[in-house]
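Colleague: just a sequence and a predicted model for now, questions to come.
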Amino acid sequence: MRNGRPLVDALRDPETVLQLDSAGWTELFSIARAESLIGSLAHRLADVAVPDAVKPVLKDAIQATDLARLQALWEADCARRALVPLHCKVLLMKGTAYVAADLDAGIGRSIGDLDIMVARDQLPAVEDVLLDAGWEWVKPDPYDDEYYRAHMHELPPLIHRERDRMIDVHHTTLPLTAKPTPNADAMLNAAAQLDSGLYVMAPADMLLHSVAHLFADGDLAGGLRNLWDIDRLVRQFSEADEDFWTELGSRAKLHQLAPHLARALRLAVRLYNTPVYKYRAGRTKFADYLYIRRLLARDGWGRQTRPFTRQSFYIRSHWLRMPPLMLARHLWTKWRKG
């Protein structure tokens, strides 16, 4: 198998798996696990007449993601209880937000660290409370600590000494040195409160955070999962609110993410047939094919392929995060320390 296209096809149209032989199923599962989409795939195939040999694999994947869902919600509640004395607004982000808000994007989604967002002026108090509650630093190196605090969109990562679960405390959604500057105050002000007392971003902001994470910050590692999140969010939010596309366009301009949103929608249409019918994503550009090439860089064993393409996007991710002189100084420092 030359790339990850069979996984994309199966997510977009589950009936395509009926054409697979045993080797095809093995390759599909290998790619899905590598892209952290095995749970999403299992739920998509719930109503498909798959071979008997495949059913236990899908059942195990669903059970594993159901457990991950419970663990994520428990960890979020642990953070909530620790931060109650501060009376601050705590936003859940990414996968935990999807499952806490019972969104389609959370169905079968793999969830790693707990990501939360608080107001920047609350960071010192939040940091002190979490340290007192059992979290500790993952990166004790002084240079890394200073780099996070001066330039990044989050505190250095923390891990709980007993539960071995990590938490990332954000104060905005992109590094401070990145070119787009999302309006964190606007995100906090528009957030919706859940029954738990925690908050999640408003629909347009939630989608734009996923867009920013995929296209304005990283190297597209795990990109098929992030683009699947975007597909699920677009479908649910646009069906629920006829004004969603108008609000999305307005918020994209506010957060300086309009070009990134357009690219995300174009790629979602091409890979997942996302119904983008009320928002102009623009015509396909040549660079879009390079992004697709990067997103599909897997073989039938789930191994990464196309090393030059991946390296190019890795370099791009650093270029996006900081200006040239700062990047050179940062890489030189890391090289000397490495």
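Modeller: Good, I have the coordinates.
Colleague: so where do the strands sit in this structure?
Modeller: 91-92, 114-117, 135-137, 158-160, 166-170, 192-193, 199-200 (DSSP state E).
Colleague: can I get these in CSV with mean pLDDT?
Modeller: As requested, the strands of the chain are exported to CSV (pLDDT from 0 to 100):
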stretch, mean pLDDT
strand 91-92, 98
strand 114-117, 97
strand 135-137, 92
strand 158-160, 95
strand 166-170, 96
strand 192-193, 97
strand 199-200, 98
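Colleague: can I get these in CSV with mean neighbour count and distance to residue 8?
Modeller: For every residue, glycine as well, the C-beta is placed using N, CA and C. Output for these, formatted as CSV (neighbours: other CB atoms under 10 Å; distance: least, CB to CB, whole Å):
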stretch, mean neighbour count, distance to residue 8
strand 91-92, 26, 28
strand 114-117, 25, 26
strand 135-137, 17, 37
strand 158-160, 19, 34
strand 166-170, 20, 28
strand 192-193, 12, 31
strand 199-200, 22, 27
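Colleague: I'd like these as JSON lines, with distance to residue 264 appended.
Modeller: As requested, those are arranged in JSON lines below (distance: least, CB to CB, whole Å):
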{"stretch": "strand 91-92", "distance to residue 264": "21"}
{"stretch": "strand 114-117", "distance to residue 264": "19"}
{"stretch": "strand 135-137", "distance to residue 264": "33"}
{"stretch": "strand 158-160", "distance to residue 264": "30"}
{"stretch": "strand 166-170", "distance to residue 264": "20"}
{"stretch": "strand 192-193", "distance to residue 264": "22"}
{"stretch": "strand 199-200", "distance to residue 264": "20"}
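Colleague: and the ones you listed: which comes nearest residue 15?
Modeller: strand 199-200 (33.0 Å; CB to CB).
Colleague: which one of the strands of the chain lies closest to residue 274?
Modeller: The nearest among these, by CB to CB, is strand 199-200 at 21.3 Å.
Colleague: helices or strands up against that closest one?
Modeller: Helices and strands touching strand 199-200, by 3 or more CB pairs under 8 Å, 6 or more residues apart in numbering; DSSP states H and E, are strand 91-92, strand 192-193.
Colleague: just checking, what packs against the first one?
Modeller: Translated: strand 91-92. Counting contacts by 3+ CB pairs under 8 Å, 6+ apart, strand 91-92 is packed against strand 114-117, strand 199-200.
Colleague: could I get these in a markdown table, plus columns for distance to residue 242?
Modeller: Formatted as a markdown table, the helices and strands packed on strand 91-92 follow (distance: least, CB to CB, whole Å):
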| stretch | distance to residue 242 |
| --- | --- |
| strand 114-117 | 28 |
| strand 199-200 | 21 |
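Colleague: list the contacts of residue 174.
Modeller: 153, 180, 181, 182, 212, 216, 217 (CB atoms under 8 Å, 6 or more residues apart in numbering).
Colleague: and the fourth one, backbone torsions?
Modeller: Here the main-chain torsion angles of residue 182 (degrees, to the nearest 10) amount to phi -60, psi 150.
Colleague: in stretch 302-322, what's buried?
Modeller: Using 16 or more other CB atoms under 10 Å as the test for burial, stretch 302-322 gives 302, 305, 306, 309, 310, 313, 320, 321, 322.
Colleague: if we can go back for a sec, which of the contacts of residue 174 are buried?
Modeller: Counted by 16+ other CB under 10 Å, the contacts of residue 174 give 153, 180, 182, 212, 216, 217 as buried.
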